[in-house]
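Participant: Quick one: sequence and predicted model below, then my questions.
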Amino acid sequence: MCQARSPKEPRAIITTIPELIQLTPEAKTVLASLSDAGGRPLVVGGSVRDALLSLDGGASVASKDVDIEVYGLSSADVIAALPGHAMEVGQHFGIVNVALNGQTFDVSLSARNSEAEAFARRDFTINAMGWNATTGHLVDPHGGRADLEAGILRHTSSAFSEDPLRVLRAVQLSGRFGFQLAPETATVCAQLFPTFHDLPESRIWGEFFKLSAKGTHISRALETLQATGWEAHFPGLAATRGVPQDAGWHPEGDVNVHLGLAGDQAARIARRDGLDSDETAILVLAAITHDFGKAISTRISDSGRITSNGHNVTGVEPAKQFLRLIGAPRRYEGIILPLIREHMCHTPEGPAGKITDSAVRRLIRRLDHVGGGPSIHDWARLVEADKEGRGQGAQQGVNHLPTWLAIAKRLGSERVVGQTLLWGSRVELLGIPPGRMWRFIKEQSREAQDDGAFSDSPRAESWLLANREIVLPEAERRMREPS
């Protein structure tokens, strides 16, 4: 546990680390141009942080994405010195952008007299370091390297409060690196609680996307969100804290703890399976929202037995609200919400416990991959994350996922799985005009199709004609049922 203390007073900590970053020729050219013009350029920010992390792990890191801060030059000096096309950008300028051989660099113009003063404007000490490529000097006035080695996220100065997004950035960095939030920084974050509603949705999503696409310590991110007090801005997630689970199946603790562990496993699975950043983000977000319904559906009997029947259904709406609060693209809902709804159906019902072709076809249809929903492989990954995201010693049921996927693979030759083969216009074969009844006739045809009664449109029409005396009364009965 890190000890509470006030942010360090700036002090000139300079060590020499030659070749800390393997700069590209283009980056070297930009830095040399600034030096030749009389400036003092430093590589700053995340590239220095990541290089030190790699160095501590025994390897150097090559980086095209380097940010540069220069001292002693005006914007006109910088533009004149830089090769290629350079122009001043930013809301209030102060940043010169230059493109060279397809690489883009942002050069910040420091208005401060010293690195210590300039770096005090940065968010966390681990991001408040600079590296001089010429001398190899690492400039660390706020103790960032010590915090980096200790795995601590600590705000650099009172300037932290100028941008409330930094609270969510703390959550994101915790999830990416597994760092713990310093107590004094958690206090500052809590004081910024009301400012959440001032943040544009796009900026909120930017941090949650980085967390879910790049994070490998999702459980730590959820701990950080709670430590800041900002968890309360996400009611669906906050409601899971303290909700009990059956200790046999979930020895890890409450639902919130399980969601974090499931998120960790989702991140691992995504990397194992080579998912891209978008697919990874979707899987991780599905994992940390999949049991929101337990906050609604959990019951404790007089004997102390804990159940959460139907939580896969009751969890859909709060998960939807969470995705909207974090600014996730709407298409994410079309993939994540069906996964939540179906994540409990992997264990077959009945004494035989058999997974049938029909069950697989029906699952694929409910997931609606054809209509933009998730695939059965997406579903299997979430189920795996759910099962693996539990505490040590959890009861282990039969793993049915290989069977589900094996049948799905075999049925893959049926190109029409998940599609509707009986077109609406063909219902006219029964002499029924277009109307509400068509819906219930097609509904029965899909059920028959999933049971393997036919696998192409001509046979679908034949099935309809052969079974009209059963289909029509059943359609009328379904029409009379309350919605």
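Facilitator: The structure has been received and is ready for your questions.

Participant: could I have stretch 101-121 exported to PDB, CA atoms only?
Facilitator: Extracted in PDB, the C-alpha atoms of stretch 101-121 (Å, rounded to 0.1, in the frame of the first residue of the first chain):
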ATOM      1  CA  ASN A 101       8.600  11.100 -44.500                       C
ATOM      2  CA  GLY A 102       5.100  10.000 -43.400                       C
ATOM      3  CA  GLN A 103       5.800  10.600 -39.700                       C
ATOM      4  CA  THR A 104       4.100  13.300 -37.700                       C
ATOM      5  CA  PHE A 105       5.600  15.100 -34.700                       C
ATOM      6  CA  ASP A 106       4.000  17.600 -32.300                       C
ATOM      7  CA  VAL A 107       6.500  20.100 -30.900                       C
ATOM      8  CA  SER A 108       5.200  21.900 -27.800                       C
ATOM      9  CA  LEU A 109       6.600  25.400 -27.100                       C
ATOM     10  CA  SER A 110       7.300  25.800 -23.400                       C
ATOM     11  CA  ALA A 111       6.400  29.100 -21.900                       C
ATOM     12  CA  ARG A 112       8.100  28.100 -18.600                       C
ATOM     13  CA  ASN A 113      11.600  28.900 -17.500                       C
ATOM     14  CA  SER A 114      12.500  25.500 -16.300                       C
ATOM     15  CA  GLU A 115      11.600  21.800 -16.900                       C
ATOM     16  CA  ALA A 116      10.400  21.500 -13.300                       C
ATOM     17  CA  GLU A 117       7.900  24.400 -13.800                       C
ATOM     18  CA  ALA A 118       6.800  23.100 -17.200                       C
ATOM     19  CA  PHE A 119       6.400  19.500 -16.100                       C
ATOM     20  CA  ALA A 120       4.300  20.600 -13.100                       C
ATOM     21  CA  ARG A 121       1.500  21.200 -15.600                       C
END
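
Participant: Residues contacting that stretch, please?
Facilitator: Residues from elsewhere that reach stretch 101-121 (C-beta atoms under 8 Å, 6 or more residues apart in numbering): 10-12, 24, 26-27, 30, 34, 41-42, 44, 64, 66-71, 73-75, 78, 82, 84, 89, 94-99, 128-130, 139, 141-142, 156-157, 159. Using the backbone N, CA and C atoms, a C-beta is placed for each residue, glycine as well.

Participant: Report the buried members of those residues.
Facilitator: Neighbour counting by 16 or more other C-beta atoms under 10 Å classes 10, 24, 26-27, 30, 34, 41-42, 44, 66-71, 73, 75, 78, 82, 95-96, 98, 128-130, 139, 141-142, 156-157 among the contacts of stretch 101-121 as buried.

Participant: hmm, back to that, let's see which of the contacts of stretch 101-121 end up in strands.
Facilitator: Among these, the residues falling in strands (DSSP state E) are 41-42, 44, 67-71, 89, 95-99, 130, 139.

Participant: farthest-separated two in those?
Facilitator: The two members of these with the most space between them (C-beta to C-beta) are 99 and 139, at 27.0 Å.

Participant: Now the helix ranked longest in the chain: buried residues?
Facilitator: In the chain, with assignment by DSSP state H, the single longest helix is helix 255-272. With burial defined by 16+ other C-beta under 10 Å, the residues of helix 255-272 counted as buried are 255-270.

Participant: same deal with stretch 16-24?
Facilitator: Neighbour-count burial for stretch 16-24 flags 17, 20-21, 23-24 (criterion: 16+ other C-beta under 10 Å).

Participant: any idea how far it is from the chain center?
Facilitator: 32 Å (C-alpha atoms, centre = their mean, to the nearest Å).

Participant: I'd like the average pLDDT over that stretch.
Facilitator: If you average the pLDDT over stretch 16-24, you get 88.

Participant: residue ranges for the strands of the stretch 301-450 of the chain, please.
Facilitator: 306-307 (DSSP state E, counting those that start in this stretch).

Participant: Just want the most central residue of the chain.
Facilitator: residue 212 (2.0 Å; C-alpha atoms, centre = their mean).

Participant: in what helix or strand does that residue lie?
Facilitator: Element membership of residue 212 [criterion: DSSP states H and E] is helix 201-214.

Participant: Leaving out sequence neighbours, find the closest residue to residue 133.
Facilitator: Leaving aside its sequence neighbours, residue 133 sits nearest to residue 31 (C-beta to C-beta, 6 or more residues apart in numbering; 5.2 Å).

Participant: That neighbour against residue 23, yeah?
Facilitator: Yes: between residue 31 and residue 23 a contact is recorded at 7.4 Å, counting by C-beta atoms under 8 Å.

Participant: what sits in contact with each of the two?
Facilitator: Common contacts of residue 31 and residue 23 (C-beta under 8 Å, 6+ apart): 43, 133.

Participant: before we move on, back to that, helices and strands around the longest helix of the chain, which ones?
Facilitator: Other elements packing on helix 255-272 under the criterion 3 or more C-beta pairs under 8 Å, 6 or more residues apart in numbering; DSSP states H and E are helix 218-228, helix 277-289, helix 376-388.

Participant: still on that earlier bit, which residues touch the residue nearest to the centre of the chain?
Facilitator: If a contact means C-beta under 8 Å, 6+ apart, then residue 212 has 218, 280-282, 284-285 as its contacts.

Participant: and which of those is nearest residue 476?
Facilitator: Nearest to residue 476 out of the contacts of residue 212 is residue 282 (C-beta to C-beta; 41.2 Å).

Participant: And the residue lying closest to that closest one once chain neighbours are set aside, how far from residue 409?
Facilitator: Excluding its sequence neighbours, the residue lying closest to residue 282 (C-beta to C-beta, 6+ apart) is residue 335, at 5.4 Å. Separation of residue 335 from residue 409 (C-beta to C-beta, to the nearest Å) stands at 21 Å.

Participant: contacting residues for residue 236?
Facilitator: Here residue 236 is in contact with 289, 292, 295, 318-319, 321-322 (criterion: C-beta under 8 Å, 6+ apart).
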